[in-house]
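> Quick one: sequence plus predicted model below, questions after.
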Amino acid sequence: MANNRMIVGFFIASESIFFLMLILAYVNFHGSVTDGPTAANSLNPVVTGIFSLFLFASSFTIWLAGKSLRNKNHLMLKVWILATIVLGAVFIFGQGLEWSGLIEKNITISRNVFGTTFFTLTGFHGFHVCVGLIMLSLLLGLALAGDFKGPKSDAVECISLYWHFVDGVWVVVFSVIYLWAFL
Amino acid sequence: MSSRIPIVPENTIPLPSLKANNGLLSWVASVDHKQIGIMYLIITLVYFLLGGLEALLIRVQLAHPGNDFLTPETYNQLFTMHGTTMIFFVVMPFLIGVGVYLLPLMIGARDMAFPRLNALSFWLFFFGGILLYYSFFTQSGAPDVGWFAYAPLSEKPFSLNKGPTYWALGLLASGIGSVASGLNNVVTILTMRTPGMTMRRIPLFVWMMLVTSLLLVFVIPIITAAFAMMLLDSLLGATFFTPAHGGSAILWQHFFWGFGHPEVYILILPAFGIISEVIPVFSRKPIYGYEFVAASTVAIGLLSLGVWAHHMFAVGLGNVANAYFSLASMLIAIPTGIKVLNWVATMWGGRINFATPMLFATAFIIEFVIGGLTGVAIASVPIDWVVTDSYFIVAHFHYAIFGGSVFAIFAGVYYWFPKFTGRMLSETLGKWHFWLTVIGFNMTFFIQHFLGVMGMPRRTYTYYDMPYWGSMNLISTIGAMILGLSVIVFVWNILASLRHGKPAGDNPWNAWTLEWATTSPAAVENFELVPPVRGRRPLWDLAYPDMPDEPGAKIV
């Protein structure tokens, strides 16, 4: 039914406003840190950039999963959902590495406004990735149980819409935090 | 043709009752839009009484200068909880709840598009309210920083108690419920309409709910993000809104009012919708200028997103920003004025029946216009600088929210109570309720305009014995007591009419929209057969097949 895709579309619009506010807060304080850690002196754009590629690639694999379902290729549907989960998990692993490295250097959410806005923005994004991974795992379980006959499934389409959104948010967040500081 | 002209005045469907079916479980586990709607209405009535009690305590404290009936701490908690309760747990959920009950009926649908999501919205609202009110039982007491919770006052080291945390958590939960309601309403209205029910034929209440729901979807996430930041500040030591650590208190104000101003339109647009249903039915005329009422609503919805900083003229944002926000705010008077004109033009030359719903609807127009006029006045920066944070502002927004939204809510309750329960509310008690409300409301709040101009500040627990302040405040307090009495009459009317009210029949007001085509209370499946929709007033077309609203719609 069109209902499901429509509500996911409006939900994503609503979520976009939520992330817009977090990004505005980051931008608002971008120039105001006079001492202590900033994006430019404490982040590593290359390592995070490489882990970002895994997330961007996962958008491609979830699209392939939907395409496999349309072709009624049930094996490849499962393979591509699994690949998406793995790629997303690698990204979250990378974010965990980055966070623990920063916290070891005593750069935390309470250190200064850079820490506050950086951890809030990347944290809420990471939370959304984790929610997406849970939904993808459910999808994989249903696919293994043979729930999706094809060629269409609202569950697959809605979750991949959400996953593309999480990806798109990271494009903006990565640009605002990393590219703005280093380019 | 199908003959479902509602004529049978006998009430065959039992009233909603906890004893019927499987008792409480059939309500708690319900995903039926009518049961969920009624649960919204019952809970908001409870909060209305709580919020009203808080207001009466405030007015008793202010009855004479230097009063020590309440401590300053308690006073701060009471005005914070009064504002928060009335906005987030009375007016907003009432309008959402009445929408949940009526939207599917008005568009000829079986239920909302997502019934389980609908139940989720309700329970998030329900538990959000409990989370907020639980703060009264904690050692540190309820939140005491105003419904706007200005940082850094609401944060460490100025607020060391847990009140603001409960406040943010409770509103966060109910806010997520509101977003879900908004999503559900939008999809329901766009996809679930019965054949023939085009967007140009849906009742105006549905139009207003559509715009309101879009505002919920796009505006609530602003405050959700701000609540998240506030909670991170207070729980994890983040520094968003603490200037001492590099944060910005003004940022909180921008975020709060970026949500807060559209929020007041979320409170008033569905009220406009109720008025746009009641006035035509009791004037026996179709609404004047349907397209203009609908389009001006869309205009108000869009304008409301760009005017938030008129709450912040005293901050000192600079002349350019002040001028823009002042002009943009005044623009809103145009689409609002269009609506008032349309309602008056609908009444003009009509056979007006002043039953209680129409009395409240007529008073709504007058009281709301007073609130609107003071609103245009304080949109002007110099006037705002003089009266900001005074009782003039208190008077202004009570005329908009009580004289506007709450009067419309009363009109809606008297209008749809027969549909919800199958019984009429008593007209005698209704007229007592109406006149006590009008007298009490104007006595309480009109005089506060003058108190404000004379310089009495709001949000202070007492005041010096300045000339006339004591007697004027006493008048206001007596008005509040009359208002309290009117609420007792209202509750008495509901309780008495539920048991002994006159049976309503399907369509006691001879109204024209689809909710009146089904039984009262509406049957479980809503409609056995949805009447054909060939115009904006399907039941008129059914009753007078020779004179349909739309010339081409003659039923052969």
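Sure, I can see it.
> Enumerate the residues of chain B near chain A.
B:113-114, B:179, B:182-184, B:186-187, B:190-191, B:217-222, B:224-226, B:228-229, B:232, B:236-240, B:245-248, B:251, B:255 (CB under 8 Å from any CB of the partner chain). Placement of C-beta: from N, CA and C, glycine included.
> Which of those residues fall in strands?
Secondary structure of those is defined by DSSP state E; no position falls in strands.
> Tell me, please, the helix or strand in chain B that averages the lowest pLDDT.
helix B:24-28 (a mean of 85; mean pLDDT, DSSP states H and E).
> name the helices or strands packed onto that one?
Applying 3 or more CB pairs under 8 Å, 6 or more residues apart in numbering or on different chains; DSSP states H and E, one finds that helix B:24-28 makes contact with helix B:33-61.
> Can you spell out which helices and strands pack onto the helix it packs on?
By 3+ CB pairs under 8 Å, 6+ apart, helix B:33-61 packs against helix B:24-28, helix B:72-84, helix B:92-106, helix B:115-134, helix B:407-421, helix B:469-500.
> Give me the mean pLDDT for the longest one.
When the per-residue pLDDT values of helix B:469-500 are averaged, the result is 97.
> Next: the fifth one.
Here helix B:407-421 scores 97 as its mean pLDDT.
> and if you look at the second one?
Here helix B:72-84 scores 96 as its mean pLDDT.
> Would you mind giving the orientation angle of it with respect to helix B:33-61?
If you take axes from the mean of the first three to the mean of the last three CA atoms, to 10 degrees, helix B:72-84 sits at 150 degrees to helix B:33-61.
> List the contacts of helix B:72-84.
B:51, B:54-55, B:57-58, B:61, B:70, B:132-133, B:136, B:141-147, B:163, B:167, B:171, B:459, B:461 (CB atoms under 8 Å, 6 or more residues apart in numbering or on different chains).
> so B:Ala314 touches B:Val386, yeah?
No - using CB atoms under 8 Å, B:Ala314 is not in contact with B:Val386; the gap is 10.5 Å.
> Can you give me every residue that contacts the closest residue to chain A within the stretch 251-400 of chain B?
Residue of the stretch 251-400 of chain B nearest chain A, by CB to the nearest CB: B:Leu251 (6.0 Å). Neighbouring residues of B:Leu251 by CB under 8 Å, 6+ apart: A:Ala25, A:Asn28, B:Phe240, B:Phe241.
> before we move on, back to that, would JSON lines of the helices and strands packed on helix B:33-61 with mean neighbour count be doable?
Output for those, formatted as JSON lines (neighbours: other CB atoms under 10 Å in any protein chain shown):
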{"stretch": "helix B:24-28", "mean neighbour count": "13"}
{"stretch": "helix B:72-84", "mean neighbour count": "20"}
{"stretch": "helix B:92-106", "mean neighbour count": "26"}
{"stretch": "helix B:115-134", "mean neighbour count": "19"}
{"stretch": "helix B:407-421", "mean neighbour count": "25"}
{"stretch": "helix B:469-500", "mean neighbour count": "17"}
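> Looking at those, which is nearest to A:Ser58?
Closest approach to A:Ser58 among the helices and strands packed on helix B:33-61 (CB to CB): helix B:115-134, 27.3 Å.
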